[in-house]
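Trainee: Take a look and give me a structure for this.
(one chain, ligands or ions: 1)
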Amino acid sequence: MAGKTSIEWTDATWNPVRGCSRVSKGCDNCYAERIATRFSGLGLAFQGFAKQVQGMPHWIGKVELLRHKLDQPMRLRGNQRIFVNSMSDLFHERLVDHEIDEVFWQMALSSRHTFQVLTKRPLRMREYVRRLTNRRSDSGRPLHELLRIMWQSPRRNVHLGVSVEDEQTAAARIPLLRKTPATGRWVSYEPALGPVNWERWLPGIDWVVCGGESGPHARPMQPEWARAARDACKEAGVPFFFKQWGDWAPNRAGTLVHKGKKKAGRNLDGRNYNEFPNGDEGNDS
Ligand code: SF4
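Mentor: Numbering: from 1, shown residues only. Purely as a prediction, here's the structure:
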């Protein structure tokens, strides 16, 4: 089944793609690469996808569509938020368009769920979605039908997003996201590794998630970066979700200290921010 998850902004994860490779410094401490390396032994799920190199986790570069996982969302009850490929990137260059089509068909046909797609490869995403209007699927089905189903679904259920970690990656990725045909666009600012000039990038964006890094070698997020994202979202009327401080958080005196993810929590200036697109609000836990 699609996996239960502790990720605060979603209900379930669905991983129809296995394997990835790094694209920017936001990938340096990739959680998926670490887990894949841990399960890369003989006969394990990630054998041939990742390995230890000088004691550090490394993707090998193999990426595969897992067809036996494609129908998992159909079997999930209710209306769930589903994070697509928490362990990979749907727009990885090793996947061919027809493989991505298969994932999109599942999302379009499971319209009671909301799918949260997140990529660090927004150029491929933009080109892929643009080409849907005049391509046919492997079986000859016109793909503009897929767009019609997705865009006419009352829930407008496929939300396309990019990960950014600083101004440089925001400037490279958000303009491409804005030019991608979509009914919901969002940005994950995690791990936040540098400040972002949000006023420039929020037009056309429907949701921002913000978080610091956790896990081995976690790099600290400065509180002013998170506050700047929150304040710009408030000003622009964009829902803001503060996911976590990560391993580092300010103490009472305002100094950043290494607390560990659990202790650091997700309280920003006295409250939790759990806003979602479409006016939904998560539990203020
Ligand atoms: S794109 Fe995502 S899954 Fe792939 S290496 Fe980077 S952080 Fe990891």
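Trainee: and the stretch 101-250 of the chain, which residues reach the ligand?
Mentor: For the stretch 101-250 of the chain, the residues found near the ligand under the criterion Cβ under 6 Å from any ligand atom are Lys120. All C-beta atoms are positioned from the backbone trio N, CA, C, and that covers glycine.
Trainee: Could I get the full set of helices for the stretch 101-250 of the chain?
Mentor: 122-131, 144-152, 167-178, 198-201, 223-236 (DSSP state H, counting those that start in this stretch).
Trainee: Select from these the stretch with the lowest mean pLDDT.
Mentor: Note on those: helix 144-152 shows the lowest mean pLDDT, a mean of 80.
Trainee: What is it packed up against?
Mentor: helix 97-109 (3 or more Cβ pairs under 8 Å, 6 or more residues apart in numbering; DSSP states H and E).
Trainee: got the buried residues for the helix it packs on?
Mentor: Going by neighbour count (16 or more other Cβ atoms under 10 Å), the buried part of helix 97-109 is Asp97, Glu99, Ile100, Asp101, Val103, Phe104, Trp105, Gln106, Met107, Ala108.
Trainee: And the residues you listed, which is closest to Ser24?
Mentor: Here the nearest of the buried residues of helix 97-109 to Ser24, counting by Cβ to Cβ, is Ile100; it sits at 21.1 Å.
Trainee: Mind putting the buried residues of helix 97-109 into TSV with pLDDT?
Mentor: Formatted as TSV, those follow (pLDDT from 0 to 100):
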residue	pLDDT
Asp97	95
Glu99	96
Ile100	96
Asp101	95
Val103	96
Phe104	94
Trp105	92
Gln106	94
Met107	93
Ala108	90
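Trainee: Now Glu190: closest residue in space, sequence neighbours ignored.
Mentor: Once flanking residues are discounted, Glu190 sits nearest to Gly211: 3.7 Å by Cβ to Cβ, 6 or more residues apart in numbering.
Trainee: again, but for Lys179
Mentor: Arg126 is the one closest to Lys179 (Cβ to Cβ, 6+ apart), at 5.7 Å.
Trainee: how far does the least confident helix or strand in the chain by mean pLDDT sit from the chain's center?
Mentor: Within the chain, no helix or strand scores below strand 3-4, which has a mean of 74 by mean pLDDT, DSSP states H and E. Chain-centre distance of strand 3-4: 15 Å, with Cα atoms, centre = their mean, to the nearest Å.
Trainee: helices or strands next to it in the packing?
Mentor: Strand 3-4 makes packing contacts with strand 12-14 when contacts are defined by 3+ Cβ pairs under 8 Å, 6+ apart.
Trainee: Which residues outside the strand it packs on are in contact with it?
Mentor: Residues outside strand 12-14 that contact it (Cβ atoms under 8 Å, 6 or more residues apart in numbering): 2-5, 7, 69, 72-73, 76, 80-87, 115.
Trainee: what's the nearest residue to Leu147 once chain neighbours are set aside in contact with, if anything?
Mentor: Setting aside the residues directly before and after it, Leu147 is nearest to Leu132 in space (Cβ to Cβ, 6+ apart), at 5.3 Å. When contacts are counted by Cβ under 8 Å, 6+ apart, Leu132 touches Phe104, Leu143, His144, Leu146, Leu147.
Trainee: and the residue nearest to Glu190, what pLDDT?
Mentor: Note for Gly211: predicted pLDDT of 98.
Trainee: With Ser285 instead?
Mentor: Looking at Ser285, its pLDDT stands at 39.
Trainee: Narrow the contacts of strand 12-14 to those that are buried.
Mentor: Neighbour counting with 16+ other Cβ under 10 Å marks 2, 5, 7, 69, 72-73, 76, 80-87, 115 as buried within the contacts of strand 12-14.
Trainee: nearest to the ligand, of these?
Mentor: Comparing the buried ones among the contacts of strand 12-14 against the ligand with Cβ to the nearest ligand atom places Met87 closest, at 6.3 Å.
Trainee: start to end distance for stretch 172-184?
Mentor: For stretch 172-184, the first-to-last residue distance is 19 Å (Cα to Cα, to the nearest Å).
Trainee: if we can go back for a sec, the residue nearest to Lys179: what's it in contact with?
Mentor: Leu176, Leu177, Lys179, Thr180.
Trainee: In ChimeraX, select just the buried ones from these.
Mentor: A single ChimeraX command selects the buried members of the contacts of Arg126 (16+ other Cβ under 10 Å):
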select :176,177,180
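Trainee: what's around the one residue in the stretch 151-285 of the chain that gets nearest to the ligand, how many residues?
Mentor: Closest residue of the stretch 151-285 of the chain to the ligand, Cβ to the nearest ligand atom: Ser163 (7.0 Å). Ser163: 22 surrounding residues under other Cβ atoms under 10 Å.
Trainee: Many thanks, we can stop here.
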